[in-house]
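In: How does the following fold in three dimensions:
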Amino acid sequence: MTADGSQPQPQDKPRRDPRVVSEAMRRVRGRDTSPEVTFRKALWAKGLRYRLHSSKLPGKPDIVLPGARLAVFVDGDFWHGNQWQARGYESLEKQFEGAPSRSYWVPKILGNMERDRRRTAGLVQQGWRVLRFWESQLAADLDACVDITVQAAMSQDRVPVAPGLPERTFAEFFAGIGLVRLALERHGWEARFANDNDPQKHEMYSAYFQEDPEGHYRTESIRKLGPDDVPTVTLATASFPCTDLSLAGARNGLKGEQSGALLQLFEIIEGMGDRKPPIILLENVPGFLTSHKGEDFHLALRTLNELGYAVDTFMLDAAWFVPQSRLRMFVVGVRDVPRAEAEVGDPHVLESAVRPRKLVDRIHLETDLRWRVMSFPTPLRQSVSLASILEDLPSDSDWWWSRERTEYLLNQMSERHRQVAEQMIRSPRYKYGTVFRRIRHGRSMAELRADGIAGCLRTPRGGSSRQILLKAGRGRCEARFLTPRECARLQGVPDDYPVDVPMNQAFFGFGDAVCVPAVEWIAEHYLNVVVSQLIRGSVLTRQPAI
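Out: Got it, this is the predicted structure:
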């Protein structure tokens, strides 16, 4: 028995042919299971008459009530991707960790989950209402599942309980240059709306996303938007301004002109009424947690609770994905729908890389909030270095500084940092580091980082915030600013993203953006999982037009 209670896997056991495994699993009963039969009998006792396993409908629903245009599925927890949660694993991948069949079952089950969503969407588009239940839901609370089904069958109310679902659509607030969109679209999400008040960011956004219909990106203050301007979507994202939350800013918090724009987003969400998106994703700097001694963090999460969302929070560092140190805080709100799990008070949360001690302590302090803390794996650090994202600029490029300017930079370093630079210079091969200038004790100091990771990209507000590249080795030392393309790569942006704009415009766009692979990780391991959860136990139907 292993530490987590599972049976150890023999290392020398030969891997079974996936075709053999598939044939064996096909013999496992996929319909007329005991929970399904019990459920059907309970519905019959309530006076509902139905058909079984209609082959004419997408996905062959287990129960069909034609008169009510209602299709009901009973999904096995193992086959459809819920068993890992029921058994307390961090993720589907963790459930099969160490198993010889892992490479077969993980893609198989992920494929089943996506197929469930697509088939549900197909039924909804045909005008059907859809209910999906886990077998474990039926086993845990049969009466509640029966009541939901009876109410759905008898009700003429066409307003969806879970608007936006089962589609994966989103609206981007504070959209910037579109890096949240770039990440989400890679994982099956579709952008329906974007807003930012910066026309220069919109210029960069539209240069990459060229096929958007007119009006998709609203270039105006969020304070000029109303609920009717926002379409019905599954997800609302907001990388809202950090100016008043950052340790480098004025720390005015959510009362500030910039960061306070989040409260306007909340007013828009409230005004959407029954069309509120089932999921909200917020992103900001770690200073959000401590701004005004935690009052701003509490205000934001309490407001989400008041809007009907249970909340979760975690932190990701871009350095786990790209060679840039960029720790960011994320808050997820999941709208309370029937059978959504939520805890009021002190949830059981353990310290981890994604929930460090200071964040766990804050969660435990916020006992009046309604939490929905989800388990997920810690990202594995990718083996990428600063050198891997650098452009190969010739030695006579105008980007490289003069010898005098480089020497002046070295002289701005403290004794400790200068020693590191001298060690780099004496190296038999070239090494790379990054430098920021900061004011220390009234002096402009050059601070060197030489661990293969760039410092956090910033917006160019004066020369001090532009990151400098130091190339040293073989007795030489050269310096220059990072190029716009290198900044893009540090955010995980592909090289087909155009940067044909003035240099400072590009620096501002990428410095005020999110790390693409970090948001991709959230999409894969959090948002897509939540969608799979939310399409169970809730009535899904065609969305109201807007």
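
In: so what are the domain limits for the protein?
Out: Listed domain ranges for the chain are 18-156, 169-380+518-532, 392-482 (source: automatic domain parsing).

In: Between those domains, which one is closest to residue 490.
Out: With CB to CB as the measure, domain 169-380+518-532 is the member of the domains of the chain nearest residue 490 (4.2 Å). All C-beta atoms are positioned from the backbone trio N, CA, C, and that covers glycine.

In: got the end-to-end distance for the closest one?
Out: In domain 169-380+518-532, first residue to last residue: 14 Å (CA to CA, to the nearest Å).

In: In JSON lines, list the domains of the chain along with distance to residue 508 and mean pLDDT.
Out: Putting the domains of the chain into JSON lines (distance: least, CB to CB, whole Å; pLDDT from 0 to 100) gives the following:
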{"stretch": "domain 18-156", "distance to residue 508": "36", "mean pLDDT": "88"}
{"stretch": "domain 169-380+518-532", "distance to residue 508": "7", "mean pLDDT": "89"}
{"stretch": "domain 392-482", "distance to residue 508": "5", "mean pLDDT": "92"}
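
In: Out of the ones you listed, which is the most enclosed?
Out: For the domains of the chain, the largest average neighbour count (mean count of other CB atoms under 10 Å) is found in domain 169-380+518-532, namely a mean of 19.

In: how far away is residue 383 from residue 529?
Out: Distance, residue 383 to residue 529, by CB to CB, to the nearest Å: 26 Å.

In: Correction: the previous question concerned residue 412.
Out: 48 Å.

In: Over to residue 469?
Out: 39 Å.

In: Most remote residue from the middle of this structure, which is it?
Out: residue 404 (45.4 Å; CA atoms, centre = their mean).

In: so which strand or helix has that one?
Out: For residue 404, the host element (DSSP states H and E) is helix 403-411.

In: Of the domains of the chain, which is nearest residue 489?
Out: That would be, of those and by CB to CB, domain 169-380+518-532, which comes in at 7.4 Å.

In: ok, longest helix in the protein?
Out: Longest helix of the chain, by residue count under DSSP state H: helix 102-125.

In: before we move on, the earlier item: compare the domains of the chain and give me the one nearest residue 494.
Out: domain 169-380+518-532 (8.1 Å).

In: Quick check: phi and psi on the closest residue to residue 498 other than its chain neighbours?
Out: Nearest non-adjacent residue to residue 498, counting by CB to CB, 6 or more residues apart in numbering: residue 207, 4.7 Å away. Here is the backbone geometry of residue 207 (degrees, to the nearest 10): phi -70, psi -30.

In: just checking, residue 207 touches residue 506?
Out: No. Contact criterion CB atoms under 8 Å: residue 207 and residue 506 do not qualify, at 11.0 Å.

In: just to revisit the earlier point, show residues contacting the helix holding residue 404.
Out: Applying CB atoms under 8 Å, 6 or more residues apart in numbering, the set of residues contacting helix 403-411 from outside is 401, 418, 421, 435, 446, 468, 470, 477, 478, 479.

In: cool, stretch 141-161 as well?
Out: Stretch 141-161 has contacts (CB under 8 Å, 6+ apart) with 38-39, 42-43, 46, 48, 65, 68, 70, 72, 129, 131, 133, 137-138, 274, 337-339, 537-544.

In: cool, stretch 42-60 as well?
Out: 31, 40, 61-66, 71-73, 115-116, 119-120, 122-123, 126, 128, 142-143, 146, 149-150, 153.

In: OK, contacts around residue 234?
Out: Counted by CB under 8 Å, 6+ apart, residue 234 has contacts 164, 165, 167, 168, 169, 170, 277, 278, 279, 531.

In: what sits against the residue nearest to it when sequence neighbours are not counted?
Out: Leaving aside its sequence neighbours, residue 234 sits nearest to residue 164 (CB to CB, 6+ apart; 3.5 Å). The contact partners of residue 164, by CB under 8 Å, 6+ apart, come to 232, 233, 234, 235, 277, 278, 543.

In: list the contacts for the residue nearest to the second one when sequence neighbours are not counted?
Out: Read that as residue 233. Nearest residue to residue 233, sequence neighbours excluded (CB to CB, 6+ apart): residue 169, at 4.4 Å. Residues in contact with residue 169 (CB under 8 Å, 6+ apart) are 189, 190, 191, 192, 231, 233, 234, 235.

In: ok, what's across the strand from the last one?
Out: According to DSSP bridges, residue 170, residue 279 are recorded as the beta-bridge partners of residue 235.

In: Residue 524 - that's part of a helix, no?
Out: Yes. Counting by DSSP: H, G, I helix; E, B strand; the rest coil, residue 524 is located in a helix.
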